[in-house]
Every structure is written in C-alpha cells, then in structure tokens.
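# just a sequence and a predicted model for now, questions to come.
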Amino acid sequence: MMTNLFSIFDPSTNLFNIPFNWLSTFLGLMFIPYSFWLIPNRQFIIWNMIISKLHLEFKNLLGPNSFKGSTFIFISLFSFVLFNNFLGLFPYIFTSTSHLTFSLSITLSLWLSFMFYGWINNSNHMFIHMIPQGTPPILMPFMVLIETISNIIRPGTLAVRLTANMIAGHLLLTLLSSTGINMPNYLIIILIIIQMLLLSLESAVAVIQSYVIAILSTLYSNEVN
C-alpha cells in the first residue's frame, strides 16, 4: 500500500542495496541496436527524419560560427531526455526525469561548460552581453546585476521546468487512478477514458519537454559565441 503520494517518485527501491530504479535511465539504449537489425525499417526512417529536422534547426540557431558536429550534442540530449520521459509512462518503470538530481546534473554540466568556454575564449562578448544595446548609463549597474542573476538561475529553471512538468502529469494520473476503487462500474469506464486522454497528453508533454530543453540549451550555447 502506498503510504505517501510522492512515494511513486521515490528512487530508493533497491535489491541487495543496488538502486534498480535508476537503471531505467539506460532502458532507452535498448532501442538503438533494434533500429539496425533491418535497414531501412520504419523506426529507422522515422527517427532519421526527426534527427535530420533537428540538425537543420539547431544548425540555424547556432549560427555560422558554430563548430562542426556541435548539433549532435543537443540531438543526443533530446534523444536521451525523450527516452526517459516516454519510458516513464509505462507501468513499473521509474521516471528518472522527475527528479532534480537527474535534470539538474544535465543542465548544470551544460551551463558550466558554456560559461567556461565563453569567459575563457570570448570574454569581451560575455561582458558586452550583460548590457543590452541602448541602455542608459544610469541603468547599466542594474542591468549587469539583472543579467547576472538571470544567467545564474538558467540551469535551475531548465531543470525545474522539466521536473515539474513530469511530476504534474504523473501525480494527476495517480490521483485519478486512486479514486477508482470505490466508484461504480459506469464511472470507472469514464475514468478509464479520462486516463487514456491524459496519457496521450503526457506523451505529448514528454516530447515537448525534450524539445524545449534541447532548444533552450542550444540558445544558451549560441550566446557565448
């Protein structure tokens, strides 16, 4: 019996002190060799089209000064987060993206790498970026302070956005399913239909949040060039 509503997000389930819940993070790797069993197959063609579209979009966002192959960093980020978001919708599979431990480790490492690269190689550009063009001289100290704070909280906002969206949908599904125990049969049928609609919405949220975190990471990296 579930003693706490948030226990569905508890990563401490283990066997012989091995945290098996976090192993769900690597379940997405199971789909990679399958796509190469028979080429071309439907999965390979669809995934190749998605990657090609993302590559062109990320390339346009990064601009002409980006390094060759830098788009694949963000395509890999999109794929990794998408697999974890989508697999978390299946029963008895732990959703690792619903934890700040997971999402913050990704966003913080990316943000730190962007900051180190920007301040070491493009120091003047980073200083100029703190003051928008046309700012009155009297407001320049305040703009530097505001831009610095907004830059520092970026990894936190990215991580919280992903975590909060994944937790919200899962909690709603859990709350509705827990109310079906004492319902009559005709209401259970309505509840099942609502759950199916919410599950479809959560599938869309899983894709959208993966896309959002990849796009915002691309925009943040473009600012340091």
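Now that the structure is in, tell me what you want to look at.

# could I get the full set of helices for the chain?
Under the criterion DSSP state H, the chain contains helices at 31-34, 42-62, 71-87, 100-121, 123-129, 140-152, 154-178, 185-222.

# so what does the fifth one touch, helix or strand wise?
With contacts taken as 3 or more Cβ pairs under 8 Å, 6 or more residues apart in numbering; DSSP states H and E, helix 123-129 sits against helix 100-121. The way it works is simple: take the backbone N, C-alpha and C, and place the C-beta from them, glycine included.

# how about the helix it packs on as CSV, C-alpha atoms only?
Extracted in CSV, the C-alpha atoms of helix 100-121 (Å, rounded to 0.1, in the frame of the first residue of the first chain):
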residue,chain,number,x,y,z
LEU,A,100,16.1,17.3,-9.8
THR,A,101,19.1,15.0,-9.2
PHE,A,102,18.9,13.9,-12.8
SER,A,103,17.7,17.0,-14.6
LEU,A,104,19.9,19.4,-12.7
SER,A,105,23.0,17.3,-13.3
ILE,A,106,22.4,17.6,-17.1
THR,A,107,21.5,21.3,-17.2
LEU,A,108,24.2,22.3,-14.7
SER,A,109,27.0,20.5,-16.6
LEU,A,110,25.9,22.0,-19.9
TRP,A,111,25.6,25.5,-18.4
LEU,A,112,29.1,25.3,-16.7
SER,A,113,30.7,24.2,-20.0
PHE,A,114,29.1,27.1,-21.8
MET,A,115,30.2,29.5,-19.2
PHE,A,116,33.8,28.3,-19.0
TYR,A,117,34.1,28.3,-22.8
GLY,A,118,32.6,31.8,-23.1
TRP,A,119,34.6,33.5,-20.3
ILE,A,120,37.9,31.9,-21.4
ASN,A,121,37.6,32.4,-25.1
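
# to L23, which of the helices of the chain lies closest?
Ranking these by proximity to L23 (Cβ to Cβ) places helix 71-87 first, at 11.4 Å.

# now do the buried residues in that closest one.
Judged by neighbour count using 16 or more other Cβ atoms under 10 Å, the buried positions of helix 71-87 are 71, 73-75, 77-87.

# could you identify the most distant pair in the residues you listed?
Spatially, the most separated pair among the buried residues of helix 71-87 is T71 and L87, at 24.4 Å (Cβ to Cβ).

# what stretches of the chain score poorly on pLDDT?
Residue ranges of the chain with pLDDT under 70: 1-19.

# redo the helices of the chain as a markdown table? Include distance to L23.
Formatted as a markdown table, those follow (distance: least, Cβ to Cβ, whole Å):
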| stretch | distance to L23 |
| --- | --- |
| helix 31-34 | 15 |
| helix 42-62 | 23 |
| helix 71-87 | 11 |
| helix 100-121 | 13 |
| helix 123-129 | 40 |
| helix 140-152 | 33 |
| helix 154-178 | 18 |
| helix 185-222 | 19 |
